[in-house]
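[1] Pasted the sequence and its predicted model underneath.
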Amino acid sequence: MLQFLKYTLATLTALVLFSFLGIIIFFVVVAAMVSSAEKKNEIQPNSVLCLNMQGILEERIEEDLYSTLMQDDQLRSLGLDEILKSISAAKTDSCIKGIYIQSDIFVAGFASTREIRNALLDFKKSGKFVIAYADNFLQESYYLSSVADEIYINPIGSMDFRGLATEATFYTGLFKKLGVEMQVVKVGTYKSYTEQFTNTEMSPANREQMTVLTFSMWNSILSDISLSRNISVDTLNSLASSYLTTQPQERYVEVGLVDGLKYKDEVESELRKKLSLKEDEDINLLTPSDLNTEDVSLNDDKIAVVYATGEIDNPQDDGINSKKLVETLTSLKKDSSVKAVVLRINSPGGSGYGSEQIWRAIALLKEKKPIIASMGDYAASGGYYLSCNATKIFAEPTTLTGSIGVFGVIPNLEGLMDKIGVTSDVVKTNPYADMISYTRPMTESERNLLQSYIDRFYCQFVSRCADGRSLPFDSIASVAQGRVWSGISAKQIGLVDELGDLSDAIKEAANQAKINSYDVQYYPEKKSLLEQLMNIPSSSVKSLLSKCSIRNEYEMLEKIRNMDNIQAILPYEIKVK
């Protein structure tokens, strides 16, 4: 027995030491990777800012340990904020002579892409060059690159320029086979999110709104490309209808979409010529992270830019947490150095309850200082709920906004339970004690109660928008009904005030606050990789490693488990491509 205890104790000791050493090794390895990731290239004379547009464009990113460990370039995130700041810094840095855009698999909304285009247009006012190259151009990457002085494509590359298509997926047939009934209660003729559960094709109302929206976005994109490349909109439309992907590469040059067919090394030779470098000299290519874009506080007056990105109260970490956003807005209201606030919204909506809490915080802030809404790719449904009470609203022409409508979806799994031999029974003290149940269909009285609840929230939603926009209730109701609008259409009907980007919103905030000299502060504050590493508890290492392997499954389960019953959200199943 004594011998057994000795062996057991030795084994436990070895396991503890092994775990301890494993954690130490983990931190050492991650620290080395973090240090390498944060190392910057030196800005030397004759440098070029290289924008490697490969990955998924997001409003704002904070490097995390998960991304650093995985280091997957194909799935990496690109921060819109960092790109815009780097372009601005490059414009005034005498050591930087131009910008080199390398496009690859670039996933982005057209509104965000337009913001980068506008920044590049402003950069070109400095007299510096912009050159773009791609092995293959997607529509988003070409739209961005079309602003360049010279555009090159690989001699055997392809040009994806074919117009926009809006596609919806419907699961009604699948649910019917499974024995699942999705019981929908909603307000809004155009509120199409629930159609994926009840229809097999777009409703006439949804088809109408998607047609207007898609053509509005496409015409805006064509207008921008037309100005940059000096090709008429009609000609661009004709080219898109010919499905250029299947055309010979020489055709791209012939019609003026690109300036030449070159391999990457040949494009680099063109760069050397512009920099007066010899053919064997290296080009000092800088990344956005190499430039010093950190804000240095020089003024007492501040403009606060608050990011509200993602779904509202979605349990995933990168969405909008209504409680935290309310806390931020409340603290800014009390901060005397902050003279105005810009709320940067890129959200399809989400929880109706969370949207109302944020609306209240905005209303209280607005009593003390101006708050300007700046819309990104999306500011719809709950996202518009956050915008409507702002002092002024800015949107891009291709922003998706509006969608003023509400719905609730209650699954009935009775048919599925019958198929697999599962039954249920209930004892209740009151008529609605088991409402809402997933094991049976709703009764008529239950549906009526839920519809009444949804109707009241919808009326409140429309009232909030009417009050915020200083318009009659009926005026907002006529453009509501869950309908989605492009930014340019939203301006025409009064849902937004101006077409412009984040920089325009910041200027308007300063104008509203009557200040000429100010610093811009961004919220929430970012933490560096080293700060994250120093603050991570050892108990979270296992969680971090687990997250790397089951991240997608975990996030989907959490979303389903914690979803609010009442949703004001844009139909994510609609894809414009």
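    Arrived safely.

[2] a helix runs through A132, doesn't it?
    No. Looking at A132 with DSSP: H, G, I helix; E, B strand; the rest coil, it is strand, so not inside a helix.

[3] Now do the same contact list for it.
    By Cβ atoms under 8 Å, 6 or more residues apart in numbering, the residues touching A132 are Y100, I101, Q102, S103, L144, S145, A148, E150, I151, Y152. All C-beta spots, glycine's among them, are computed from the backbone N, C-alpha and C.

[4] element containing L49?
    Following DSSP states H and E, one finds L49 within strand 47-58.

[5] Quickly list the domain ranges of this protein.
    47-162+243-290, 302-576 (automatic domain parsing).

[6] Now do the buried residues in the helix or strand hosting I87.
    Per DSSP H and E, I87 falls inside helix 80-92. Within helix 80-92, the residues that qualify as buried are L80, D81, E82, I83, L84, K85, S86, I87, S88, A89, A90, K91, counting by 16 or more other Cβ atoms under 10 Å.

[7] Against I345, how distant is the spatially closest residue to the third one that is not a sequence neighbour?
    Which is E82. When the adjacent residues along the chain are set aside, E82 lies closest to P288, with 5.0 Å between them (Cβ to Cβ, 6 or more residues apart in numbering). Taking Cβ to Cβ, to the nearest Å as the measure, P288 falls 23 Å from I345.

[8] Settle it for me: which of those two has more neighbours?
    I345 (30 against 21; other Cβ atoms under 10 Å).

[9] ok, that one to G79 distance?
    From I345 to G79 the distance is 17 Å (Cβ to Cβ).

[10] Check S146 too.
    On the measure of Cβ to Cβ, S146 and G79 end up 22 Å apart.

[11] for A509, same thing?
    Taking Cβ to Cβ, one finds A509 at 22 Å from G79.

[12] Could you check which of those two is surrounded by more residues?
    A509 (27 against 20).

[13] so what's that one closest to, chain neighbours aside?
    Nearest one to A509, counting by Cβ to Cβ, 6+ apart, is A340 at 3.8 Å.

[14] And the one you found, how far from A165?
    From A340 over to A165 (counting by Cβ to Cβ), the distance is 40 Å.

[15] Of those two, which one has the most company?
    A340 (26 against 11).

[16] The more buried one and K369 touch, don't they?
    Yes. Counting by Cβ atoms under 8 Å, K369 is a contact partner of A340 at 5.5 Å.

[17] which residues are common contacts for these two?
    With Cβ under 8 Å, 6+ apart as the test, A340 and K369 both reach A513.

[18] returning to that earlier point: mind putting the buried residues of helix 80-92 into CSV with distance to G482 and pLDDT?
    Output for those, formatted as CSV (distance: Cβ to Cβ, whole Å; pLDDT from 0 to 100):
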residue, distance to G482, pLDDT
L80, 28, 95
D81, 31, 94
E82, 35, 94
I83, 33, 96
L84, 32, 96
K85, 36, 94
S86, 39, 96
I87, 37, 97
S88, 38, 95
A89, 42, 95
A90, 43, 96
K91, 42, 96
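
[19] Closest one to L49 out of these, please.
    A90 (4.4 Å; Cβ to Cβ).

[20] got a list of what the closest one touches?
    So A90 contacts L49, I96, I99, F123, K128, L286, L291 (Cβ under 8 Å, 6+ apart).

[21] 7 Å instead, please
    By Cβ atoms under 7 Å, 6 or more residues apart in numbering, the contact set of A90 is L49, I96, I99, F123, L291.

[22] where do the strands sit along the stretch 201-350 of the chain?
    260-261, 284-286, 302-309, 338-347, 349-351 (DSSP state E, counting those that start in this stretch).

[23] hmm, who's touching the second one?
    Here strand 284-286 makes contact (Cβ under 7 Å, 6+ apart) with N41, I43, Q44, N46, S47, V48, L49, C50, Y100.

[24] before we move on, what about the third one?
    Outside of strand 302-309, the residues within contact range by Cβ under 7 Å, 6+ apart are 59-60, 320, 325, 328-329, 332, 337-347, 386, 506, 509-510, 518-523.

[25] related to what we said a few turns ago, give me the sheet partners of the strand holding L49 and which way each runs.
    Sheet pairing for strand 47-58, assigned by DSSP bridges, gives strand 77-79 (parallel), strand 96-107 (parallel), strand 284-286 (parallel).

[26] So L502 sits against R344, correct?
    Yes. Assessed by Cβ atoms under 7 Å, L502 is found in contact with R344 at 6.0 Å.

[27] Need the residues touching each of the two.
    S374.

[28] hang on, the earlier thing: which of the contacts of strand 284-286 ranks first by neighbour count?
    L49 (27 neighbours).

[29] partner residues bridging that residue?
    I99, L286.

[30] Between its first and last residues, what's the separation in stretch 311-328?
    17 Å (Cα to Cα, to the nearest Å).

[31] re the thing from before, the residue nearest to A509 and K368: what is the separation?
    Counting by Cβ to Cβ, the gap from A340 to K368 is 10 Å.

[32] Show me where the stretch 451-577 of the chain dips below the pLDDT cut-off.
    527-577 (pLDDT under 70).

[33] all helices for it, in order.
    473-478, 487-493, 502-513, 529-535, 539-562 (DSSP state H, counting those that start in this stretch).
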